[in-house]
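>>> need a 3D model of the sequence below.
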Amino acid sequence: ATAILLPERDTVATSSIEHGIAQKFSSKAEDSTFAGTATSSACFGVFDGHSGKQTARALSQILCQRLLKAGPPFDEASVVAAFWEVDREIGENGIKGDYLQAGEQRVTLDGATATVLLVEQNCDKFSCMLAWCGDSTAVQLDAVSGRVVGKTTDHKPDVPSEVSMIKRIARARRWIRKQRAGRGRSGLQDRGGGENDEGEDEDEDEEVEAERTTEQQGRAAGKSLAEEPTPTREEVANALASLEHDPAEAGAPLEEEIALVLRSLERQKLIEQLLPIGACSRRRAVFCRRPFEKDRTQPLVVATTHDHRRRHYSDLQMTRSICDWRASVLVVPHPQIIRFEVPPGTWQRVILASDGLWDVCSTRKAATLASPAWRHSAERAAQVLADYAEAEYERMGVVGTGAHNVADDTSVVVIDLNPSGMTIERPQTTCQCECCPLL
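Residues are numbered from 1 along each chain as shown. Down below sits the predicted model:
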């Protein structure tokens, strides 16, 4: 959970980029952050680990450094490829010894969210890209007025477009396997979906048995499921074309969706080769509530089975993450991307934070606490937000067993993007304290 703190001022334009980092740790201490600059670019990130800390820490090193070396300019294709490549690198080879601490195992299968801000100087303006997987939210503010101008959407199982993405990957996968088994028909007429990929209340034993039957057919042909040839682009294109396309579930353009499904199926094959035990369960994605016995709040999750008592039960509260190889293989490390520009004469403040903050702080409250810029520097704004989160947890009766009184790790990175180096004078009021409401 070590933050890499590089110089706060970008060497390209003095005072044009500044940042601050603040963290509050529970006993888990699974969050990690990154802040770094290159010749004409900068990268900032927040990584929220779950079921372990190794992946989050590795991402803060490997992913961000790789992105900085790849640009500028930063193009979406290379950023997407970097997310998938790092997922494979960490999952297949384990974290390199340089990133391990005493007593940690070399191979890790814990996962993490990833939210990254890339900034490049383009003449007298900043061209920026937000890329993220999971629920570590990013918020863009007008640093002068404090107005919210942008926000990322969390990748949660209650988001229709995310559910649609998972369904279409599963359906395409099953269509290809049926075609190869000689049982293919146009579309999926017999069951209308993937291996319980829709989270419907179908008989689970029947689903598992159907999966075993398909696998046995592959073995009868001399190949295990993990040894089957990787689907070709043509197979994926035909599979997607065969699926009834509901405009309400329209996702990425066809070429992007083909690339997404290809990457997903290649990843699934690799995971099954390295982790054959439990593979049948991991092929499924069940949308359900986490049982009360495991979590009293019973959040909506993507699980590998309805029954948490089954041996290979695993669930996640998100539809995208990096390196969660023991979870459903339909939870993918595919980043969503937003581009924006900061023109000269403007000043934006961007907040990147793990869900430890957002569980107790609304977007509007965060904007009020962190802006306008005359109230706080970026460094001070990050600390104010982290302190607020801890105070809220304490108000809720949380007594932390870690370094701070928080129920969940809370990491905040605040970045000021001020291409013109403009200054803002503090308004003259009768009260000069920082507690005054926004004017």
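>>> from here on, just use CA atoms for contacts and neighbour counts.
Fine.
>>> before we move on, what SS does residue 413 have?
At residue 413 the chain is in strand, as set by DSSP: H, G, I helix; E, B strand; the rest coil.
>>> what's opposite it in the beta bridge?
Note on residue 413: beta-bridge partners residue 21, residue 352, judged by DSSP bridges.
>>> just checking, it touches residue 352?
Yes: between residue 413 and residue 352 there is a contact under CA atoms under 8 Å: 5.1 Å.
>>> what residues are shared contacts of these two?
45, 46 (CA atoms under 8 Å, 6 or more residues apart in numbering).
>>> per-residue pLDDT of the residue positioned nearest the centre of the chain, please?
Nearest to the mean C-alpha position of the chain, counting by CA atoms, centre = their mean, stands residue 133 at 1.8 Å. pLDDT for residue 133: 96.
>>> likewise for residue 432?
At residue 432, the pLDDT value in this model is 51.
>>> before we move on, back to that, so the residue nearest to the centre of the chain bridges to which residues?
Using DSSP bridges, the bridge partners assigned to residue 133 are residue 114.
>>> that one touches residue 337, doesn't it?
No: with contact defined as CA under 8 Å, residue 133 does not count as touching residue 337 (9.4 Å).
>>> common neighbours of those two, please.
If you check residue 133 and residue 337 against CA under 8 Å, 6+ apart, no residue is contacted by both.
>>> which stretches of the stretch 301-439 of the chain aren't confidently modelled?
400-402, 425-439 (pLDDT under 70).
>>> what segments of it are helices?
Taking DSSP state H, counting those that start in this stretch to define them, one finds helices in the stretch 301-439 of the chain at 355-358, 363-370, 378-395.
>>> from one end of stretch 119-130 to the other, what's the distance?
This stretch, stretch 119-130, spans 9 Å end to end (CA to CA, to the nearest Å).
>>> can you tell me the SS state at residue 298?
Residue 298 falls in the coil class when you classify it by three-state DSSP.
>>> what about it, neighbour count?
Counted with other CA atoms under 10 Å, residues neighbouring residue 298 total 13.
>>> could you number the chain from 28 rather than 1 from now on?
Noted, 28 is the first residue going forward, which turns the last one into residue 325.
>>> coming back round to it: from residue 189, how far out is the residue nearest to the centre of the chain?
Noted for residue 160: a distance of 11 Å to residue 189, by CA to CA.
>>> and for residue 300?
27 Å.
>>> check residue 370 too.
Taken as CA to CA, the span from residue 370 to residue 189 is 32 Å.
>>> residue 391 too?
Applying CA to CA to residue 391 and residue 189 gives a distance of 25 Å.
>>> got the contact list for the nearest residue to residue 346 once chain neighbours are set aside?
Among residues not flanking residue 346 along the chain, residue 358 sits closest, at 5.0 Å (CA to CA, 6 or more residues apart in numbering). Contact analysis of residue 358 by CA under 8 Å, 6+ apart lists 193, 345, 346, 347, 348, 351.
>>> how distant is the helix or strand harbouring residue 62 from the center of its chain?
Per DSSP states H and E, residue 62 falls inside strand 58-64. Counting by CA atoms, centre = their mean, to the nearest Å, strand 58-64 is centred 15 Å from the centre of its parent chain.
>>> show the contacting residues for the closest residue to residue 342 other than its chain neighbours.
The shortest distance from residue 342 to any non-neighbouring residue, by CA to CA, 6+ apart, is to residue 330 (4.1 Å). Counting by CA under 8 Å, 6+ apart, residue 330 touches 311, 312, 313, 314, 315, 340, 341, 342, 343, 354, 355.
>>> count the neighbours of residue 344 for me.
Neighbour tally, residue 344, other CA under 10 Å: 20.
>>> cool, and residue 120?
11.
>>> do you know how far it is from residue 81?
Noted for residue 120: a distance of 13 Å to residue 81, by CA to CA.
>>> follow-up on the earlier one: same list (the contacts of residue 358) but as JSON lines, adding neighbour count and distance to residue 179.
Shown next, in JSON lines, are the contacts of residue 358 (neighbours: other CA atoms under 10 Å; distance: CA to CA, whole Å):
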{"residue": "193", "neighbour count": "24", "distance to residue 179": "19"}
{"residue": "345", "neighbour count": "22", "distance to residue 179": "14"}
{"residue": "346", "neighbour count": "27", "distance to residue 179": "15"}
{"residue": "347", "neighbour count": "28", "distance to residue 179": "14"}
{"residue": "348", "neighbour count": "28", "distance to residue 179": "15"}
{"residue": "351", "neighbour count": "27", "distance to residue 179": "21"}
